[in-house]
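Peer 1: prediction below, plus the sequence it came from.
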Amino acid sequence: MRLSSSQENYLKAIYKLEVGDGIATNQSLAALVEATPASVTNMLRKLTEAGWVEYQAYQGATLTPSGRNEAVTLVRKHRLWEVFLVEKLHYDWDAVHSLAEELEHIGGEELINRLDAFLEHPAYDPHGDPIPNAKGVVRIRQHAIAASEAVVGDRFVVCGVKDSSSLFLRHLDKLSICLGKAYTLIDLLEFDQSAVWTEKDSALTSVSNEVAKNVLIQLTDE
């Protein structure tokens, strides 16, 4: 059975929710795909009948092995296209998601494998999310934590974001926070847990607790 773009989007959304919560509830799925609960239920029943999903009313949906393979392939396509758009066409990282959403539905395995080779097999997309390899293996980033978990004196490198919305990414741009930058947490305000970060011999950056919760970091010894 050939999947429609809408059905592919559902599989990818279920995969994302499974990674985060273990199961995709109707409510969380409806919010993610921006559909009514009734539409979500109808789609889940169709995907279940086709063998892509296992669905139980009032509990939620999980992917079957074939559904997961399809979802991982879509995630791989999406994230490789994001790398291409940022690295080769010089799009800003906040502008590539919607374009990659369109591109992920075109081309087969050969095109994506060629794109992967052309990009020299990147491990992560521009937002720090792991890119599955050609066998569907997802590289799990080791020891990544939310910046809100850091304590005063910690040195760290920004390695990803939990919120990849354009609004949030543009806010990070205004703070000059990007992947690969190294900081030291020098102060944590008791009132609202706002943090003060500094780069080496650089100006201070004030980071709200909400922002810190959505920025992923890796602690370093340097």
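Peer 2: That came in fine, so what should we check first? Note that the structure is predicted; figures quoted are calculated from it, not measured.

Peer 1: where are the low-confidence patches of this protein?
Peer 2: Counting by pLDDT under 70, the chain has low-confidence residues at 1, 222.

Peer 1: what's the domain layout of it?
Peer 2: For the chain, automatic domain parsing gives the domain ranges 5-63, 77-140, 144-220.

Peer 1: now for these, which one comes closest to residue 69?
Peer 2: Of all the domains of the chain, it is domain 77-140 that lies closest to residue 69, at 6.1 Å by Cβ to Cβ. Quick note: C-beta positions are derived from backbone N, CA and C, even for glycine.

Peer 1: mind checking how far that closest one is from the chain centre?
Peer 2: For domain 77-140, the separation from the chain centroid amounts to 12 Å (computed by Cα atoms, centre = their mean, to the nearest Å).

Peer 1: how long is it from one end to the other?
Peer 2: Using Cα to Cα, to the nearest Å, the end-to-end distance of domain 77-140 comes to 17 Å.

Peer 1: again with stretch 140-150
Peer 2: 20 Å.

Peer 1: ok, now which ones touch residue 153?
Peer 2: By Cβ atoms under 8 Å, 6 or more residues apart in numbering, the residues touching residue 153 are 184-186.

Peer 1: the nearest residue to residue 7 once chain neighbours are set aside: which element?
Peer 2: Nearest residue to residue 7, sequence neighbours excluded (Cβ to Cβ, 6 or more residues apart in numbering): residue 47, at 6.5 Å. Using DSSP states H and E, residue 47 maps to helix 37-49.

Peer 1: what sits up against stretch 184-192?
Peer 2: With contacts defined as Cβ under 8 Å, 6+ apart, stretch 184-192 is touched by 150-156, 194-199, 204, 208-209.

Peer 1: next step: these restricted to helices.
Peer 2: residue 209 (DSSP state H).

Peer 1: what is the nearest of the contacts of stretch 184-192 to residue 166?
Peer 2: Nearest to residue 166 among the contacts of stretch 184-192 is residue 208, at 18.3 Å by Cβ to Cβ.

Peer 1: ok, the nearest residue to that closest one once chain neighbours are set aside to residue 20 distance?
Peer 2: Closest residue to residue 208 apart from its sequence neighbours, by Cβ to Cβ, 6+ apart: residue 194 at 5.4 Å. According to Cβ to Cβ, to the nearest Å, residue 194 stands 26 Å off from residue 20.

Peer 1: again with residue 54
Peer 2: 18 Å.

Peer 1: more crowded one of the two?
Peer 2: More neighbours surround residue 54 than the other of residue 54 and residue 20, with 15 against 11 (other Cβ atoms under 10 Å).

Peer 1: next, count neighbours for the closest residue to that one other than its chain neighbours.
Peer 2: Distances taken as Cβ to Cβ, 6+ apart place residue 62 nearest to residue 54, at 5.2 Å, with adjacent residues excluded. Neighbour count of residue 62, defined by other Cβ under 10 Å: 18.

Peer 1: OK, contacts around residue 62?
Peer 2: Contacts for residue 62 (Cβ under 8 Å, 6+ apart) come out as 14, 18, 23-24, 53-54.

Peer 1: give me the buried subset of the residues you listed.
Peer 2: Buried positions within the contacts of residue 62, assessed by neighbour count (16 or more other Cβ atoms under 10 Å), are 14, 18, 23-24, 53.
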